[in-house]
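Colleague: give me a 3D structure for the following:
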Amino acid sequence: MSVIRYETPVQFKEAVFPFLLHDEAVHNIQLGVIADWLNVPDRYDEAYLAAIQVDGQVVGSAMMTLPHPLQLSLMNQDAIELLIAHIRREYPRIPAVGGPVNVASAFAHRWCDVSGQKRKLTMGMSQRVYELTAVQPGRPVVGMARQATSSDVSLLADWIIDFNDEAMGHQWGHDQAVQFVERRISTPTSMLYVWEVDGQPVSMCGVSGPTENGIRVNAVYTPPDQRGRGYASANVAAVSQMMLDSGRRYCFLYTDLANPTSNSIYQKIGYRPVTDMSMIAFEGD
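Modeller: Residues are numbered from 1 along each chain as shown. Down below sits the predicted model:
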């Protein structure tokens, strides 16, 4: 068993994607981030891209596009041990780790043992990956979905700030949010959509991270004064149908398991659970 590190996303894709595609929904983060990166070559200045191999066959992979968390594929305990030793040669501290629950938890436990870092008690998230292959009709909701444009940048930047604060616990500045929105509305594989009522945007969702057969729905946000009217559900359903109509076989979506409302809403649209994921942050990064 050995760890092979790749210098470019092209090398990583060629070597690792056949393995990742065996469980496309589970591995949609790695698949999608690399796809987005290839569309925007200067997106990341530094990254750790690696595969664990046995007799030339990939049995696991890891990706860390700094300053973002380390993302792990499915892998066994022996692979985790070898990967930790390899990562620590260059990165004695990492911000966080994400992946399938058992893999991320096992990695975090051993990483804390050998690195001296500790888990942040307030920075962890249990998530569930959902997959949709057909949109289920819902109750009629006034309004319609449309792709966001440059005229929406200021409003959506404010919403992204609120979304990150509420859902992710991240504090973003206005300039950072504007740059994020501008990039999302100008990148063909990473778009934002709004649900509009009487010419006024009332809810937002996005898509990014295309895989070979699917794409991830994310950044779902409705401001508090517009909630309870079905706008988010209608927007996600409409955007998901757009993605299927464009040729995607399925859409992926992550939910916070601590939010039973969102888990219920998305299942009514047609999203079905695939597996649970964990995101575990570390102190001293």
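
Colleague: residues near Pro92, how many?
Modeller: 12 (other Cβ atoms under 10 Å). (Glycine included, C-beta is placed from N, CA and C.)

Colleague: tell me the contacts of the closest residue to it other than its chain neighbours?
Modeller: Nearest residue to Pro92, sequence neighbours excluded (Cβ to Cβ, 6 or more residues apart in numbering): Ser115, at 6.4 Å. Ser115 makes contacts with Arg88, Pro92, Arg93, Ile94, Phe282, as judged by Cβ atoms under 8 Å, 6 or more residues apart in numbering.

Colleague: just Ala50 next, same as before
Modeller: For Ala50, the contacting residues are Val3, Ile4, Arg5, Tyr6, Ser61, Ala62, Met63, Leu83, His86, Ile87, by Cβ under 8 Å, 6+ apart.

Colleague: between those residues, which is nearest Asp55?
Modeller: Ile4 (12.7 Å; Cβ to Cβ).

Colleague: the closest one against Val54, yeah?
Modeller: No - between Ile4 and Val54 there is no contact under Cβ atoms under 8 Å: 11.4 Å.

Colleague: if we can go back for a sec, now, the contacts of Ala50 that are in helices?
Modeller: Leu83, His86, Ile87 (DSSP state H).

Colleague: out of those residues, who's nearest His174?
Modeller: Checking the ones in helices among the contacts of Ala50 against His174 by Cβ to Cβ gives Ile87 as the nearest, at 34.5 Å.

Colleague: circling back: check the contacts of Ala50 for burial and list the buried ones.
Modeller: Buried subset of those (neighbour count, 16 or more other Cβ atoms under 10 Å): Val3, Ile4, Tyr6, Ser61, Ala62, Met63, Leu83, His86, Ile87.

Colleague: can I get those in CSV with pLDDT and distance to Val178?
Modeller: Formatted as CSV, the buried ones among the contacts of Ala50 follow (pLDDT from 0 to 100; distance: Cβ to Cβ, whole Å):
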residue, pLDDT, distance to Val178
Val3, 97, 39
Ile4, 97, 39
Tyr6, 97, 33
Ser61, 98, 33
Ala62, 98, 32
Met63, 98, 27
Leu83, 98, 37
His86, 97, 38
Ile87, 97, 34
